[in-house]
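Enquirer: Prediction below, plus the sequence it came from.
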Amino acid sequence: MRRVGFWLVVALVAALSLAACGGSESTSGQGTDTGKVVKGGILRVGSINAIDSFNPWNYIESQAYQAFIMLYPQLVQYDFKNGEYVIVGDLADSWETSSDGKDWTFHLKSGTKWSDGQPLTAEDVAWTINTTVKYADGPTAVMAPSVAHVQTADAPDPTTVVLHYEAPVGNALAQLEQFFVVPQHAWEQYATGNGKGLKTHRPEKDLASMVTGGAFTLKQYEKKGTTVFIPDPNYWGEKPSVEAVALTYYTNADSMIADLKQGNVDWVDQVPFNAVDVLKQDSKIQVNTVPGAETTNITWNSNPRKDKNRELLDPQVKKALSMCVDRDKLIEVVFNGYAEKVESLPGHISLYENKDLGPLEFDCAAGNQALDDLGYAKGTDGIRVVSATKDQPEHKMAYEIVTPTSTDFNVDRSFEIVKEGFAAAGVKVTQKVGGDSTASYAIETTDNCDPAKSVGYTGWDIAMWDWVGYVDPDFMLSVVTKGQWCSWSDTGWDNSDYDALYNKQGTTIDADERAQIVQQMEQMIYDNFLYTQLTEHQYIDAHTKQWDGIETNLNAYAKMYWTRVHKVG
């Protein structure tokens, strides 16, 4: 989730290479030309992020999204040209809109095939879109934001697909960049009844019958080991230069960095923050640093129907506690200085970021005073007490904070800093290790989660995690809607006024008008303290100088991120 991930970055200034005691650093994210392109070779990638699923309708981890980029067709993708992002085709060659802006027609490449040799046509695109729309309130909700406001799609011929929107959508192409096409002949058997099979299907469990349609196909999958991708000869676009990509998941970041330095790994897709300065001193290693899209936060259970510890629904309480968290210490200790404070959920990367939020001040004395004024007196042990209500007897302000084991930063150390701050406010917290992303998210959504019945999001109070967003803020705005209950929502918030604004911004064409709506929504998220935003950190990767063509700016934006990588001679 986040967590979905993907590393998405905004347009950067011109490339700037900095010498660092024999090593080198690129702040642009672009590799340097160190020799001619050598075809072949196995690109060995080390990562502290695991692939949790190959189902575009059911995943959480950012590494899964990267796998989708490699394996499945998209109508459009991004390229990075002359210092800015531009939409280019993937399966689509060209597109146009109707005069009223409601119909988008995409002209597809001809003669394309899936990995099993079956024709890949507009019928597959239309079926995937219509299926996503049909089950958008349930099994397909994860990918539904990418086709928000689409009514239907049809395929008048094998190379033409037409999307019919209920209203003009100004960010249609940016949304469709997040949409993956799956083969109808492999998936339609799961689109029956309530469509539950679309969410539970795990194509990776039977690689022999798994059908893909990207630049690569899947040869081997090990969630806790090495996953191998090989070029798909049927792919219509830019052919990969490599013979294979071997992605190894590391549970120990130190071992991963040691393997990079020893030449056992060619590329680390995300350098642990405590290892950055060391790698910059290695003359064999190229370190790339670009502004990142990942924000870390304290997540508050904001389900208005939660049955216990309802004092934590009060924004004043959450703000008071947040004022005791030293974000500067987090930046220094956890992120080694490679981060900055952030107030909005979409983050600095986003279009229309509301820069007037807060800022949240580190002022624990004021936070304590606010809690005193709210009537939460400290007991003899220094822990504040909540008076009895009809729902719950008198109890101490003592809570668990759920933390996943799959973060790409030191969440344990982050928790300790938050714990220290909350203790200074008279609140005791203990860490509840939630397991990997899937297990932790199950704790947040709760068993038998059902948006139609408003069931879910009970039994926990606070979590610490992260979000990775897009340049267009639509997706990040969607995660706190009721429509994302039991899918992307990690707060359980249910606010009809907010949901109405979300729908409105999606069909507002004028950029200035949309910006006002988006910023109003960001203000609502902030004022209600659905999250306490902590940091936004940089994206830092590193590779040996035997490889080049690694275009960090295209991470999670395009297949070229993987096809352009090559050995040098």
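Expert: Received it, and whenever you're ready, just let me know what you need.

Enquirer: For stretch 239-250, give me every contacting residue.
Expert: Stretch 239-250 has contacts (C-beta atoms under 8 Å, 6 or more residues apart in numbering) with 37-51, 63, 70, 215-216, 219, 222-231, 256, 265, 549, 562-567. (C-beta placed from N, C-alpha, C; glycine too.)

Enquirer: And stretch 256-275, by the same measure?
Expert: 7, 43-49, 248, 250, 253-254, 278-279, 282, 284-285, 287, 334-336, 338-339, 408-410, 537, 539-544, 546-547, 550, 555, 565.

Enquirer: The same query, at a cut-off of 6 Å, please.
Expert: Stretch 256-275 is contacted by residues 43-47, 250, 253, 335-336, 338, 408, 540-544, 547 when judged by C-beta atoms under 6 Å, 6 or more residues apart in numbering.

Enquirer: In helices, which of these appear?
Expert: Ala253 (DSSP state H).

Enquirer: Could you write me a ChimeraX select line covering just the buried ones among the contacts of stretch 256-275?
Expert: Burial among the contacts of stretch 256-275 is assessed by 16 or more other C-beta atoms under 10 Å; the matching ChimeraX selection reads:
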select :43,44,45,46,47,250,253,335,336,338,408,540,541,542,543,544,547
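
Enquirer: How far off centre is stretch 210-230?
Expert: Centroid separation between stretch 210-230 and its chain, computed with C-alpha atoms, centre = their mean, to the nearest Å, is 20 Å.

Enquirer: repeat for stretch 450-468
Expert: For stretch 450-468, the distance to the chain centre is 17 Å (C-alpha atoms, centre = their mean).

Enquirer: Enumerate the positions of it that are buried.
Expert: 451, 455-458, 460-468.

Enquirer: Can you flag the buried ones in the contacts of stretch 239-250?
Expert: Applying 16+ other C-beta under 10 Å to the contacts of stretch 239-250 flags 41, 43-51, 63, 70, 215-216, 227-231, 256, 265, 549, 562-567 as buried.

Enquirer: Sitting in strands, which of those residues do you find?
Expert: Among those, the ones falling in strands (DSSP state E) are 43-47, 216, 227-231, 566-567.

Enquirer: out of these, who's nearest Ser322?
Expert: For these, the residue nearest Ser322 by C-beta to C-beta is Ser47; the value is 31.7 Å.

Enquirer: Who does the closest one form a beta bridge with?
Expert: Tyr249 (DSSP bridges).

Enquirer: Alpha carbons of stretch 146-157, as PDB, please.
Expert: Extracted C-alpha coordinates of stretch 146-157, given in PDB (Å, rounded to 0.1, in the frame of the first residue of the first chain):
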ATOM      1  CA  SER A 146      -7.300   4.600 -12.300                       C
ATOM      2  CA  VAL A 147     -10.600   4.400 -14.200                       C
ATOM      3  CA  ALA A 148     -12.600   6.600 -11.900                       C
ATOM      4  CA  HIS A 149     -15.700   8.100 -13.700                       C
ATOM      5  CA  VAL A 150     -15.500   5.600 -16.500                       C
ATOM      6  CA  GLN A 151     -18.900   4.200 -17.400                       C
ATOM      7  CA  THR A 152     -18.000   1.600 -20.000                       C
ATOM      8  CA  ALA A 153     -15.300   0.800 -22.500                       C
ATOM      9  CA  ASP A 154     -15.800  -0.900 -25.900                       C
ATOM     10  CA  ALA A 155     -13.700  -2.300 -28.600                       C
ATOM     11  CA  PRO A 156     -15.100  -1.500 -32.100                       C
ATOM     12  CA  ASP A 157     -12.100  -3.400 -33.700                       C
END
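
Enquirer: what does it rub up against?
Expert: By C-beta under 6 Å, 6+ apart, stretch 146-157 touches 122-123, 126, 129-130, 132-133, 161-166, 169, 175, 178-179, 506-507.

Enquirer: in the stretch 451-569 of the chain, which spans are strands?
Expert: Assigned by DSSP state E, counting those that start in this stretch, the strands in the stretch 451-569 of the chain fall at 462-468, 531-544, 547-548, 566-568.

Enquirer: show me where the stretch 251-400 of the chain has strands.
Expert: Along the stretch 251-400 of the chain, the segments classed as strands by DSSP E, counting those that start in this stretch run 267-268, 285-300, 339-341, 385-386, 395-396, 398-404.

Enquirer: Now render those strands as JSON lines, adding mean pLDDT.
Expert: As requested, the strands of the stretch 251-400 of the chain are exported to JSON lines (pLDDT from 0 to 100):
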{"stretch": "strand 267-268", "mean pLDDT": "96"}
{"stretch": "strand 285-300", "mean pLDDT": "92"}
{"stretch": "strand 339-341", "mean pLDDT": "96"}
{"stretch": "strand 385-386", "mean pLDDT": "98"}
{"stretch": "strand 395-396", "mean pLDDT": "98"}
{"stretch": "strand 398-404", "mean pLDDT": "98"}
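
Enquirer: Adding mean neighbour count and distance to Ala515, write the ones you listed out as CSV.
Expert: Shown next, in CSV, are the strands of the stretch 251-400 of the chain (neighbours: other C-beta atoms under 10 Å; distance: least, C-beta to C-beta, whole Å):
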stretch, mean neighbour count, distance to Ala515
strand 267-268, 23, 37
strand 285-300, 24, 19
strand 339-341, 18, 22
strand 385-386, 18, 40
strand 395-396, 14, 44
strand 398-404, 21, 33
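
Enquirer: Quick one: closest of these to Asp90.
Expert: Taking C-beta to C-beta, strand 285-300 is the member of those nearest to Asp90, at 21.0 Å.

Enquirer: I'd like to check the angle between that closest one and strand 531-544, please.
Expert: Angle, strand 285-300 to strand 531-544, by axes from the mean of the first three to the mean of the last three C-alpha atoms, to 10 degrees: 160 degrees.

Enquirer: who does strand 285-300 pair up with?
Expert: Pairing partners of strand 285-300, with direction, according to DSSP bridges: strand 23-26 (parallel), strand 462-468 (antiparallel), strand 531-544 (antiparallel).

Enquirer: tell me the mean pLDDT for stretch 503-510?
Expert: Averaging pLDDT along stretch 503-510 yields 94.

Enquirer: Same question for stretch 249-262.
Expert: 95.

Enquirer: same deal with stretch 366-380?
Expert: Rounded mean pLDDT across stretch 366-380 is 98.

Enquirer: Alpha carbons of that stretch, as PDB, please.
Expert: Written as PDB, here are the backbone C-alpha positions of stretch 366-380 (Å, rounded to 0.1, in the frame of the first residue of the first chain):
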ATOM      1  CA  ALA A 366       1.600  23.300  24.600                       C
ATOM      2  CA  GLY A 367       0.500  19.800  23.900                       C
ATOM      3  CA  ASN A 368       0.400  18.900  27.600                       C
ATOM      4  CA  GLN A 369      -1.600  22.100  28.300                       C
ATOM      5  CA  ALA A 370      -4.100  21.100  25.600                       C
ATOM      6  CA  LEU A 371      -4.600  17.700  27.100                       C
ATOM      7  CA  ASP A 372      -5.000  19.300  30.600                       C
ATOM      8  CA  ASP A 373      -7.600  21.600  29.200                       C
ATOM      9  CA  LEU A 374      -9.400  18.700  27.600                       C
ATOM     10  CA  GLY A 375      -9.700  17.100  31.100                       C
ATOM     11  CA  TYR A 376      -7.300  14.200  30.700                       C
ATOM     12  CA  ALA A 377      -5.600  14.500  34.100                       C
ATOM     13  CA  LYS A 378      -2.400  12.500  34.900                       C
ATOM     14  CA  GLY A 379      -2.600   9.700  37.500                       C
ATOM     15  CA  THR A 380       0.000   9.100  40.200                       C
END
